[in-house]
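**Q** Sequence and predicted structure, then a few things I'm wondering about:
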Amino acid sequence: MTQDIEIPGWDAVVAAGRVDPAPARVLAAADRRWRPARQRRWWRGTRTVLAAAAVAASALIAVPLLGGPGAASAEAAEVLGRAASAVVDTGAPGPGQLWRVETAGVYTATVVDGGRASTYLEEQRRTTWIPIDPAQPHWWDDSRRFIELVDGDVPLTEARRQHPDTRQVLQIVTTGPVVPSWQAPTVDWLAGLPRDRALLRELLYADSAGRGRSTDGEVLVYVADVLRSGIVPPDLRVALYRVLTTVPGVEVTAGDAELFGRSGVALGRVELFGGDRQEIVIDPDTGDYLGDRYVSPDGTISYGSVTTTVVDGVPADVVAAADVMTCVTQPDGATSCEVG
């Protein structure tokens, strides 16, 4: 099987599969095209909700008192402050090791078949193995299934019969320069971000300007995007929490938000135009970023979580089952991929 995939400039609002670092746009390409030979179109949910989490104990990172007038609510600032103070620094993986990023998410997918359009909640489970060296292959093991009809006249049973549960295993080889971003960070790019709250805030507002439904709301989206990668260093996570205390409208939206069996505090911001809400979910007692949720005006919730661990290699069964996808970064930042 061979397929060519073109990904124009990364769009933080509509991109799907924003989980992984350097090859995130590559994985998004496969995300949109990995079920060939079916006459249908897909619109992924505006948030593929997969998030970062799980840092084990080590030395605490000291932070000053957070919050301030004209920014997040006092309650939100207190939660973010506690979380920032609890974050621990465990260090980066060693030479030859990889991040193992396990994600579980539920998001909306619209299927058009024979002139009929129906929207479903689709569950996605993915494990990604990410090397420290972006020149090395990345691996993913991805499975999906429809779990609920949201809108439309094609019953869930019929949709699952026509489009059964699917699994894909890939070895992703990228050639050419990688263009990092908040949605597709690299280790070096993350290391270069400022840890000073004022400088990081200024950069977030500058990079997100002109996107999304609102200026302040898109900053929250960008913070969720980068944390969702699963490889954000602890000291940068602290700085991002501190920035959120300065974002107007951020408030505690749920004191007990559950993401695939893990509970935390949800902080979000309701958009005046449209009424949708981006949320992040954190554990204020450990500083862990548990995941994020996107709540649409009709109450539909897309959500997900990520657990990141460090491993010494990719399992042999994954290596044996993987198809190879080769991707080349074009001068304009687009990525062309071929599977086969």
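**A** Arrived safely, thanks for sending.
**Q** which ones are touching residue 262?
**A** Contacts of residue 262 were listed using CB atoms under 8 Å, 6 or more residues apart in numbering, and they are 53, 283, 290-291, 305. Where you see a C-beta, it was placed from the backbone N, CA and C, and this is true even at glycine.
**Q** So what pairs up with it in the strands?
**A** Per DSSP bridges, residues listed as beta-bridge partners of residue 262: residue 259.
**Q** how much space between it and residue 241?
**A** Relative to residue 241, residue 262 is positioned 18 Å away (CB to CB, to the nearest Å).
**Q** Give me the pLDDT for the closest residue to residue 234 other than its chain neighbours.
**A** Counting by CB to CB, 6 or more residues apart in numbering, residue 89 is the residue found nearest to residue 234 once chain neighbours are left out, at 4.6 Å. The predicted local distance difference test score for residue 89 is 84.
**Q** partners of residue 89 in the sheet?
**A** Under DSSP bridges, the residues paired with residue 89 across the bridge are residue 59.
**Q** Look at it and say how many residues are nearby.
**A** With neighbours defined by other CB atoms under 10 Å, the count for residue 89 comes to 16.
**Q** That one contacts residue 237, doesn't it?
**A** No - under the contact definition of CB atoms under 8 Å, residue 89 does not touch residue 237, with a separation of 9.9 Å.
**Q** Name the residues of stretch 272-286 that are buried.
**A** Neighbour-count burial for stretch 272-286 flags 276-284, 286 (criterion: 16 or more other CB atoms under 10 Å).
**Q** Return the distance of stretch 325-339 from the chain's centre.
**A** A distance of 21 Å separates the centroid of the chain from that of stretch 325-339, by CA atoms, centre = their mean, to the nearest Å.
**Q** Can you measure across it, start residue to end residue?
**A** Using CA to CA, to the nearest Å, the end-to-end distance of stretch 325-339 comes out at 4 Å.
**Q** Which one (most neighbours) among the contacts of residue 262?
**A** Scoring the contacts of residue 262 on neighbours with other CB under 10 Å, the highest-scoring entry is residue 291 at 32 neighbours.
**Q** Am I right that it falls within a helix?
**A** No - assessed with DSSP: H, G, I helix; E, B strand; the rest coil, residue 291 is strand; it does not lie in a helix.
**Q** which SSE is residue 327 in?
**A** strand 323-329 (DSSP states H and E).
**Q** Give the pairing partners of that strand; include direction for each.
**A** Strand 323-329 has these partner strands in its sheet, going by DSSP bridges: strand 166-175 (parallel), strand 335-339 (antiparallel).
**Q** and residue 79, what does it touch?
**A** Contacts here follow CB under 8 Å, 6+ apart; on that basis residue 79 touches 252, 265, 267, 282, 284.
**Q** Report the distance from stretch 211-218 to the chain centre.
**A** Between the mean C-alpha location of stretch 211-218 and the chain-wide mean there is a distance of 17 Å, by CA atoms, centre = their mean.
**Q** Could you pull out the buried residues of that stretch?
**A** The neighbour-count criterion (16+ other CB under 10 Å) identifies 211-214, 216-218 as the buried residues of stretch 211-218.
**Q** Would you mind putting the CA coordinates of it into CSV?
**A** What follows is stretch 211-218 as a C-alpha-only set of coordinates in CSV (Å, rounded to 0.1, in the frame of the first residue of the first chain):
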residue,chain,number,x,y,z
ARG,A,211,-5.9,32.0,16.0
GLY,A,212,-8.9,30.5,17.7
ARG,A,213,-12.0,32.2,19.1
SER,A,214,-10.3,34.6,21.5
THR,A,215,-6.8,35.8,22.3
ASP,A,216,-6.9,34.6,25.9
GLY,A,217,-8.7,31.3,25.1
GLU,A,218,-6.1,30.3,22.5
